[in-house]
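Colleague: requesting a structural model of the entry that follows:
(chains A, B, C and D)
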Number of protein chains: 2
Amino acid sequence: MSVNGNVEFPTRTRPTMREVAALSGTSLKTVSRVMNNEAGVTPALVAKVKQAALTLNYQPNFTASSLRRNDGKTNTIGVLLEDIANPFSAALHRAIEEVARARGVAVFAGSVDEDESREQELAAAFISRRVDGLIIVPAGHDQSYLKIEKQSGTPMVFVDRPPALLDADSVLTANFEGAKAGVEHLINHGHRRIAYLGDLETITTAVDRFSGYKDALDRAGIAFDESIVQMNLRASVDAEHVTSKILASPNPPTAIFASQNLISVGVMQALHRFGLQYSVALVGFDDVPMVELIEPGLTALVQNISGLGKAAAEMLFARIDGTNAATEHRVLDVVLRERGSGEIPGPHEK
Amino acid sequence: MSVNGNVEFPTRTRPTMREVAALSGTSLKTVSRVMNNEAGVTPALVAKVKQAALTLNYQPNFTASSLRRNDGKTNTIGVLLEDIANPFSAALHRAIEEVARARGVAVFAGSVDEDESREQELAAAFISRRVDGLIIVPAGHDQSYLKIEKQSGTPMVFVDRPPALLDADSVLTANFEGAKAGVEHLINHGHRRIAYLGDLETITTAVDRFSGYKDALDRAGIAFDESIVQMNLRASVDAEHVTSKILASPNPPTAIFASQNLISVGVMQALHRFGLQYSVALVGFDDVPMVELIEPGLTALVQNISGLGKAAAEMLFARIDGTNAATEHRVLDVVLRERGSGEIPGPHEK
DNA sequence: CTGAAAGCGCTTACAG
DNA sequence: CTGAAAGCGCTTACAG
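Modeller: Numbers count the residues shown, from 1 in each chain, chains lettered A, B, ... in the order given. Got it, this is the predicted structure:
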């Protein structure tokens, strides 16, 4: 007589195929046939079984079926991202979901948070649930712990960052070439004194971008000057402080290269505060959200994030489908989008 | 003799507990005991089993174990989001992950994309994989399809939007009160002609915010004027167009209320283009990314997104743990953050 | 076309 | 303390 929903609708046990069989007066195997739309069951029986399933509210247990099924597939993949909440990870995740959805594959996701042990824990959690494959943005610098799993037949594709001490497929962005092109863009606009603000040196993409910077300077015959270079920046406030310090130094740069979007934001904030946003040039790696609202617009090297996710997912599913080709390493191009901040002329303009 | 990794390391079948038992000269049951760290196994046997497991690279199959286990738990939950890639969904997802991670629970996630059938497909996909619970941001307006599942014992919590035609827990933002407070803020700053730009009328949160707007006008004795009200805006460009049109009209508003962040962006773009960003006041629901870079700063009603996710996850796990309390509906407050755009004085300033 | 038996990889319930 | 048998919900392999 209670009005509480929990009491009115007590928990019932979920019906099984066996119970559907009993109600429909047929066998377990026939119910299985009907549920899987297998041909060769009398229409009359099909109707009876479906009616019984409906009456009992039967819901198939996909997990149980995959245990016995020959292919052993769970139609599930695991995705290890840097941080689910950051825009890069979220866009990657979305692109992967798109491909998985088309195949009826469910997606586990988790944040690695630049933590090596978290990476291993997440991988283990997904493996113990027998995912059909893994897509990984690694944090650690040794993925040999996945060797056994790979040999056991679980395909895996690395995105954004390459695997280390493990032979596996990867899809990366042209970080070296992109950063190099960005710095050359500044040089072509008359700059020779170009500061570099970079991310953690433990992140391979950060190292590659930094190499691109140095290579561009080298080719232009510009000496590397560590007084206007700062790596290991994480938050935008850090970048803001460093930018302020560099701008106030005796021999300030006429241009700045920011190795990722949070750093670009910090640089822009410092430039705005000094009122230098129209005098000091800026090129950044990665777009900044709401970039349209900022003046001058940020000239940025734009990655094809959804392209990375799509390619990774397609490579993974090709492996899951049994492709046994040699390990593949794909690299996606970066596009330089001119919006104003990178076209501010320098003192050496021709 | 091939150097191809795929040939050097052929796919092996994954070892089972039975094989570990055989190698260690013990029984399946004893291996199970060791793997689950059950007390009461001779240290010598434990060592032998662990050695064998290591030799064979045994990896436990959590899915298989949960099939037979009494609690039946898969230590897995499913999360249905609006769109994994949007910042709101991503922040929600992250907060949920945090709680799940602490319990060793893996998280399935998917995008509903404001599509009713997609919502049902995702729910079915997660249910067929026997998740322990569901956290749902619904798109449709009838969740009765989940009634059976709920009765079968799968806990579910709705976030951001309430369930319809289904009695279930929910965690919502104070949309009505928040919008009302935002409009009252504008009124207090001397505005009486306040435009309203809103989201899809099919979204309950959009309707609630609109009601808050109307209620604030009512209480201030301001007549509702549909010529400066526009609902069903989705992209920021749409909001930009409508704002431009309204600003160019004979009797333009002195203030604008934007019902969500994409709309705020469109309004800001239009105001900037007209050079009216310091003359027309603006209050928006939800923060805008990189808001620090915009002048004047956006005065916004800020939701506690991670609070929503955390509360939803905690309520879900309480149910999973067996709590059988009455359905709970929690509402989280919104904070008005003054940053400049909402404090621009209107003609009726006292 | 239909179904009884065996088995997927584990845990449970029970016996020794 | 250890293990043989049964069973979780399904599919496979085979017989009729």
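
Colleague: what does chain A put close to DNA strand D?
Modeller: Neighbours of DNA strand D within chain A, by CB under 7 Å from any atom of the strand: A:13-14, A:16-18, A:28-29, A:32, A:35-36, A:60-61, A:64-65, A:67-71. For glycine as for every other residue, the C-beta is placed from the backbone atoms N, C-alpha and C.

Colleague: could you redo the last one with a cut-off of 6 Å?
Modeller: Within reach of DNA strand D by CB under 6 Å from any atom of the strand, chain A has these residues: A:16-17, A:28-29, A:32, A:36, A:60-61, A:64-65, A:67-70.

Colleague: drop anything exposed from those residues.
Modeller: The neighbour-count test (16 or more other CB atoms under 10 Å in any protein chain shown) marks A:Thr16, A:Met17, A:Ser32, A:Pro60, A:Asn61, A:Ala64 as buried among the residues of chain A next to DNA strand D.

Colleague: which residues does A:Pro252 contact?
Modeller: By CB atoms under 8 Å, 6 or more residues apart in numbering or on different chains, the residues touching A:Pro252 are A:Arg193, A:Ile228, A:Ile246, A:Val280.

Colleague: closest one of the residues you listed to A:Ile148?
Modeller: A:Ile228 (46.4 Å; CB to CB).

Colleague: okay, now the closest one: neighbour count?
Modeller: 19 (other CB atoms under 10 Å in any protein chain shown).

Colleague: where does it fall, phi/psi-wise?
Modeller: phi -120, psi 30 (degrees, to the nearest 10).

Colleague: how about it: what's its closest non-neighbour residue?
Modeller: Counting by CB to CB, 6 or more residues apart in numbering or on different chains, A:Ala195 is the residue found nearest to A:Ile228 once chain neighbours are left out, at 4.0 Å.

Colleague: next secondary structure element downstream of the helix or strand containing the one you found?
Modeller: Counting by DSSP states H and E, the element that carries A:Ala195 is strand A:194-197. Using DSSP H and E, the helix or strand that follows strand A:194-197 in sequence is helix A:204-219.

Colleague: CA atoms only: put that following helix into PDB for me.
Modeller: Extracted as PDB, the C-alpha positions of helix A:204-219 are listed here (Å, rounded to 0.1, in the frame of the first residue of the first chain):
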ATOM      1  CA  THR A 204      57.100  13.800 -26.900                       C
ATOM      2  CA  THR A 205      55.000  16.200 -28.900                       C
ATOM      3  CA  ALA A 206      56.500  19.100 -26.900                       C
ATOM      4  CA  VAL A 207      60.000  17.900 -27.700                       C
ATOM      5  CA  ASP A 208      59.200  17.500 -31.400                       C
ATOM      6  CA  ARG A 209      57.800  21.000 -31.600                       C
ATOM      7  CA  PHE A 210      60.900  22.400 -29.900                       C
ATOM      8  CA  SER A 211      63.100  20.600 -32.400                       C
ATOM      9  CA  GLY A 212      61.100  22.200 -35.200                       C
ATOM     10  CA  TYR A 213      61.800  25.700 -33.700                       C
ATOM     11  CA  LYS A 214      65.500  25.000 -33.400                       C
ATOM     12  CA  ASP A 215      65.700  23.700 -36.900                       C
ATOM     13  CA  ALA A 216      64.000  26.700 -38.400                       C
ATOM     14  CA  LEU A 217      66.400  29.000 -36.500                       C
ATOM     15  CA  ASP A 218      69.300  27.000 -37.700                       C
ATOM     16  CA  ARG A 219      68.300  27.100 -41.400                       C
END
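
Colleague: list the buried ones in it?
Modeller: Of all the residues in helix A:204-219, those buried under the rule 16+ other CB under 10 Å are A:204-210, A:212-217.

Colleague: equivalent analysis for stretch A:276-284, please.
Modeller: Quick answer for stretch A:276-284 (16+ other CB under 10 Å): A:Leu276, A:Gln277, A:Val280, A:Ala281, A:Leu282, A:Val283, A:Gly284.

Colleague: start to end distance for stretch A:111-118?
Modeller: This stretch, stretch A:111-118, spans 8 Å end to end (CA to CA, to the nearest Å).

Colleague: how far is it from where the chain is centred?
Modeller: Distance, stretch centre to chain centre, for stretch A:111-118: 14 Å (CA atoms, centre = their mean, to the nearest Å).

Colleague: what do you get for stretch A:70-85?
Modeller: Centre to centre, stretch against its chain (CA atoms, centre = their mean), the figure for stretch A:70-85 is 13 Å.

Colleague: and it with chain B, contact?
Modeller: Yes: remark: stretch A:70-85 sits within contact range of chain B at A:Thr74, A:Thr76, A:Asp83, A:Ile84, A:Ala85, by CB under 8 Å from any CB of the partner chain.

Colleague: give the single residue among those residues positioned nearest to B:Glu119.
Modeller: The closest of the residues of stretch A:70-85 next to chain B to B:Glu119 turns out to be A:Thr76 (CB to CB; 19.5 Å).

Colleague: what does stretch A:197-204 rub up against?
Modeller: A:114, A:141, A:161-162, A:205-207, A:209-210, A:229-234, A:239, A:242-243, A:256-260, A:263, A:266-267.

Colleague: buried among these? Need that as a selection in PyMOL.
Modeller: In PyMOL, this line selects whichever of the contacts of stretch A:197-204 come out buried by 16+ other CB under 10 Å:
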select buried, chain A and resi 161+162+205+206+207+209+210+229+230+233+239+242+243+256+257+258+259+260+263+266+267
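
Colleague: narrow the contacts of stretch A:197-204 to those in strands?
Modeller: A:Val229, A:Gln230, A:Ile256, A:Phe257, A:Ala258 (DSSP state E).

Colleague: out of those, who's nearest DNA strand D?
Modeller: Each of the ones in strands among the contacts of stretch A:197-204 was checked against DNA strand D using CB to the nearest atom of the strand; the closest is A:Ala258, at 53.7 Å.

Colleague: hang on, the closest one packs against A:Val280?
Modeller: No: A:Ala258 is beyond contact range of A:Val280, at 11.8 Å (criterion: CB atoms under 8 Å).

Colleague: tell me, what's touching these two both at once?
Modeller: Both A:Ala258 and A:Val280 lack any common contacting residue under the criterion CB under 8 Å, 6+ apart.

Colleague: make TSV from the residues of chain A next to DNA strand D and add pLDDT to it.
Modeller: Shown next, in TSV, are those (pLDDT from 0 to 100):
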residue	pLDDT
A:Thr16	93
A:Met17	93
A:Leu28	93
A:Lys29	92
A:Ser32	93
A:Asn36	90
A:Pro60	93
A:Asn61	94
A:Ala64	93
A:Ser65	94
A:Leu67	92
A:Arg68	93
A:Arg69	90
A:Asn70	85
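
Colleague: quick one: these as CSV, columns for secondary structure too.
Modeller: Shown next, in CSV, are these (DSSP: H, G, I helix; E, B strand; the rest coil):
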residue, secondary structure
A:Thr16, coil
A:Met17, helix
A:Leu28, helix
A:Lys29, helix
A:Ser32, helix
A:Asn36, coil
A:Pro60, coil
A:Asn61, coil
A:Ala64, helix
A:Ser65, helix
A:Leu67, helix
A:Arg68, helix
A:Arg69, coil
A:Asn70, coil
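
Colleague: pLDDT below threshold where in the stretch 1-150 of chain A?
Modeller: Counting by pLDDT under 70, the stretch 1-150 of chain A contains low-confidence ranges at A:1-12.

Colleague: now the strands: where do they sit in it?
Modeller: Counting by DSSP state E, counting those that start in this stretch, the stretch 1-150 of chain A has strands at residues A:76-81, A:106-111, A:133-136.
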